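**Student:** Provided below for reference: sequence and predicted model.
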Amino acid sequence: MRANITPTLRTALSIFASCLLFAFCTNCRSTPCQIETYGPLPTQSQLAWADMEYYMFCHFGPNTFSGLQWGHGDENPDIFNPTQLDCGQWVRTAIAAGMKGIIITAKHHDGFCLWPSEFSTHTVAQSSWKDGKGDVLQELRDACNKYNFPMGIYISPWDRNHPAYGTAEYNDIFAKTINEAHQKYGPFFEQWFDGANGGAKIPEYDWPLFHKAVYDNNPDAVIFSDIGPGCRWMGNEEGYAGQTNWNRLNIEGFTPGAGAPKTEILNRGQEDGSAWIPGECDTPIRADWFYNDTNVTTLKSVEKLMDIWFGSVGRGANLILNVTPDKRGIIPAEDSLRLMEFKAARDQYFADEISSFKADFSKKPSCEQVTLSAKEKVKCIVLEEEIKYGQKIKSFTIETKKDGEWVELASGTTVGHKRIVQPFEDAAPGKIRVRVTDAFAPAMLKSVTLY
């Protein structure tokens, strides 16, 4: 006799069977989910940028030789005179440190250009370095090409040297400067802007014009500023994102610099933000951004760098760590050694993977709950959300089973690109359950990894 199975029951049985099969294959229990988008979505460039996670900042210029952090723009160009410039050493150091790119301060607030720009008379061409024929950007571009390493650029809109600064004419000059750098030395994975300006002449920057100059040459570039549009400043230079970190931000009516949102908003993002603008945490490995002879003792410890890692990458942001070349034009040995020690510490910390879940969304796996078996004690759990459909997870909890009952080990708010949950008291071997407790739409856990 044939059973009468309704369409609703047939669907339920099919889903149940899929769950059992998926759980069997991945050693985890899961429930199927819907693939839904929610809110603003990242571009393909922003997704690729998020996967980079960690890259080098290089502050280099006249300040390297003067000992200043913000030059006044009246420096004699001859002060810039690296004796052993080796951009290949910068790139090799970044690669060995596990970094995924490098961004150079091609023009800082003093206005000095590290390339022979036709839109300035304060450049390497006016210095005696290499008889005025030197070009730092070309040397770095050649090194990045040699090692197939992504390059980014910082060009400050503030110019304490250019006579047109503070006038309407300057906006056009600055846009042409951007255009020149991108055409000669691009493509760049990121264009770094800050909103700093000052002095007696404070201009109104034409940000739409500046962005157009970038995108006309490099439509895939991610533009950094307080309010993006590609990625945002986190409101501090200590390298930390908020415990809650949304990739969304409301930017209407705001500008970079003095017109930016409050720092606490930049640090956390906004769950109701209308634009996808993820966070980038910036901090120097020394106390200062530019090299000077007295700050070698201020190198951050490995323990401090690890804490920054958990507070930046571990909260869904990217980390850009400044490692400045010295007067020779090379990264000092002390800084390089510290980078290698930091890399070794990360490798060691994440060396012992116990168990993992990786979603295959074509099979509609668990989006909101994953249970894994741990044969060893767990010290760290890494969560990833499938952000290409939007950031949805508002809160989660991690539990272990004790005496037949689920007991909370840890909890948190946002996940985003990556969430590193640590430290908590080592969980005894057994079952570990990750459960989304609140979300804007059907949540999508991309992966869960136990260490």
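**Tutor:** Yep, that arrived.
**Student:** Only C-alpha atoms from now on, for both contacts and neighbour counts.
**Tutor:** Noted.
**Student:** Break down the stretch 1-150 of the chain into its helices, ranges please.
**Tutor:** 7-26, 44-52, 62-66, 87-96, 136-146 (DSSP state H, counting those that start in this stretch).
**Student:** Can you flag the weakest of the ones you listed by average pLDDT?
**Tutor:** Note on the helices of the stretch 1-150 of the chain: lowest mean pLDDT is at helix 7-26, with a mean of 37.
**Student:** Please identify the helix or strand for residue 407.
**Tutor:** Using DSSP states H and E, residue 407 sits within strand 405-412.
**Student:** Packing partners of that strand?
**Tutor:** strand 393-402 (3 or more CA pairs under 8 Å, 6 or more residues apart in numbering; DSSP states H and E).
**Student:** Partner strands of the strand it packs on and their direction?
**Tutor:** If you go by DSSP bridges, strand 393-402 pairs up with strand 405-412 (antiparallel), strand 430-439 (antiparallel).
**Student:** pLDDT (mean, whole number) over the shortest one?
**Tutor:** Going back to what we said before, that points to strand 405-412. Rounded mean pLDDT across strand 405-412 is 94.
**Student:** ok, now which ones touch residue 277?
**Tutor:** 227, 228, 229, 230, 231, 232, 247, 248, 249 (CA atoms under 8 Å, 6 or more residues apart in numbering).
**Student:** who's the last one bridged to?
**Tutor:** If I follow you right, that is residue 249. Bridge pairing for residue 249 - DSSP bridges - gives residue 275.
**Student:** Please enumerate the strands of the stretch 151-300 of the chain.
**Tutor:** For the stretch 151-300 of the chain, the strands defined by DSSP state E, counting those that start in this stretch cover 151-155, 190-192, 222-225, 231-233, 248-249, 275-276, 279-284.
**Student:** same for the fifth one, what does it pack against?
**Tutor:** Using 3+ CA pairs under 8 Å, 6+ apart as the contact criterion, the elements in contact with strand 248-249 are strand 275-276.
**Student:** And the contacts of the strand it packs on?
**Tutor:** Contacts of strand 275-276 (CA under 8 Å, 6+ apart): 40, 41, 42, 230, 247, 248, 249, 250, 251.
**Student:** out of those, who's nearest residue 69?
**Tutor:** residue 230 (26.4 Å; CA to CA).
**Student:** What about that closest one, how many residues nearby?
**Tutor:** 24 (other CA atoms under 10 Å).
**Student:** For the remainder of this discussion, apply numbering that starts at 267.
**Tutor:** Renumbered: residue one is now 267, and that last one reads residue 496.
**Student:** if I look at it, how far off is residue 315?
**Tutor:** The gap separating residue 496 from residue 315 is 9 Å, by CA to CA, to the nearest Å.
**Student:** anything in contact with each of those two?
**Tutor:** By CA under 8 Å, 6+ apart, the residues touching both residue 496 and residue 315 are residue 488.
**Student:** so where is the chain shaky, pLDDT-wise?
**Tutor:** Within the chain, the ranges that satisfy pLDDT under 70 run 267-300, 465-468, 629-632, 692.
**Student:** Could you break it into its assigned domains?
**Tutor:** 284-305+622-716, 319-615 (automatic domain parsing).
**Student:** Please state the offset of the shortest one from the chain centre?
**Tutor:** Same thing as domain 284-305+622-716. What separates the centre of domain 284-305+622-716 from the centre of its chain is 23 Å, taken as CA atoms, centre = their mean, to the nearest Å.
**Student:** now the longest one
**Tutor:** Taking the mean C-alpha point of domain 319-615 and that of its whole chain, the gap between them comes to 12 Å (CA atoms, centre = their mean).
**Student:** For residue 696, give me its contacts.
**Tutor:** 639, 640, 641, 642, 666, 667 are the contacts of residue 696 under CA under 8 Å, 6+ apart.
**Student:** mind running it again at 7 Å?
**Tutor:** Contacts for residue 696 were tallied using CA atoms under 7 Å, 6 or more residues apart in numbering; they are 639, 640, 641.
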